[in-house]
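coords below, sequence missing:
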């Protein structure tokens, strides 16, 4: 029998990286509305402050920590802050990411490393620091962010695509490593949504229209379209789902 409590996040604490805008900020509103207390991480203090104020006005308990997750020294600091804020971390949303949109011939060793560190290495290392606490409590959820480029190629996306292909496999490997101790790991693979990363796409009306026509639904995504899957994967409702990459793309990959 379906119970509303299966989707409740009351008593849970969620850490969201890349929370200052876009998908991360949307996840904050969705998880907070479901009852979670929030630890929000990003580089921009003013944006985080504004988000926390907005959440608090809605009765959501939230705090923030300013960090650049491309700096390896930040990972332990973030983990320590998150665990001391509310005494535990139950849910990790690894949402911070970068897409430098470089042609293959323009990718440098430095730009490659920036992309792989933020998009792949930081999610794993941060989870590795926080999973022991989840295992001790016998419950945890990790939500990674994959992409259409996890399974297909787009122009000027060679480094980004490689990182998102890696996220798909990392999600499966995390699930294999930790799910038997109650820590499930899944990934959301968004289609085209209006965020800072996709701003060049949505600034070109013709391109945005053409992409919308490639979906089964006939439109590009709205950030609110991600709320349901985010709460579902963070809650008890997804107890027997792990190691999956779930496309939220209006049927883009179905056609």
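Yep, it's here. A quick note: this is a predicted structure, and the numbers were derived from the prediction, not measured.

quick one, strands of the stretch 101-250 of the chain?
With DSSP state E, counting those that start in this stretch as the criterion, the stretch 101-250 of the chain has strands at 140-145, 183-190, 245-248.

With mean pLDDT added, can I get these in JSON lines?
What follows is the strands of the stretch 101-250 of the chain, written out as JSON lines (pLDDT from 0 to 100):
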{"stretch": "strand 140-145", "mean pLDDT": "98"}
{"stretch": "strand 183-190", "mean pLDDT": "98"}
{"stretch": "strand 245-248", "mean pLDDT": "98"}
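
Any chance of CSV for these, columns mean neighbour count and distance to residue 13?
Quick note: C-beta positions are derived from backbone N, CA and C, even for glycine. Listed next are those as CSV, based on neighbours: other Cβ atoms under 10 Å; distance: least, Cβ to Cβ, whole Å:
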stretch, mean neighbour count, distance to residue 13
strand 140-145, 26, 11
strand 183-190, 25, 14
strand 245-248, 18, 23
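
With distance to residue 119 added, can I get the ones you listed in a markdown table?
Written out in a markdown table, the entries for those read as follows (distance: least, Cβ to Cβ, whole Å):
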| stretch | distance to residue 119 |
| --- | --- |
| strand 140-145 | 9 |
| strand 183-190 | 12 |
| strand 245-248 | 14 |
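
Select, out of those, the one closest to residue 216.
In terms of Cβ to Cβ, the element of the strands of the stretch 101-250 of the chain nearest to residue 216 is strand 245-248, at 11.2 Å.

Parallel or antiparallel, which strands does that closest one pair with?
On the basis of DSSP bridges, the sheet neighbours of strand 245-248 come out as strand 183-190 (parallel).

orientation of the strand it pairs with relative to strand 140-145 in degrees?
Between the axes of strand 183-190 and strand 140-145, defined by axes from the mean of the first three to the mean of the last three Cα atoms, to 10 degrees, the angle is 20 degrees.

which stretches of the stretch 51-200 of the chain form helices?
73-86, 109-116, 122-137, 158-178, 199-203 (DSSP state H, counting those that start in this stretch).

Could I get those helices in CSV, plus columns for mean neighbour count, mean pLDDT and distance to residue 65?
As requested, the helices of the stretch 51-200 of the chain are arranged in CSV below (neighbours: other Cβ atoms under 10 Å; pLDDT from 0 to 100; distance: least, Cβ to Cβ, whole Å):
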stretch, mean neighbour count, mean pLDDT, distance to residue 65
helix 73-86, 16, 97, 5
helix 109-116, 14, 98, 21
helix 122-137, 19, 98, 12
helix 158-178, 20, 98, 23
helix 199-203, 13, 82, 25
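
For residue 147, find the nearest of these.
With Cβ to Cβ, the closest approach to residue 147 among the helices of the stretch 51-200 of the chain belongs to helix 158-178: 3.9 Å.

Can you name every helix or strand that that closest one contacts?
Using 3 or more Cβ pairs under 8 Å, 6 or more residues apart in numbering; DSSP states H and E as the contact definition, the elements that helix 158-178 packs against are helix 109-116, helix 122-137, strand 140-145, strand 183-190.

now it, how far from the centre of its chain.
Helix 158-178 has its C-alpha centroid displaced from the chain centroid by 13 Å (Cα atoms, centre = their mean, to the nearest Å).
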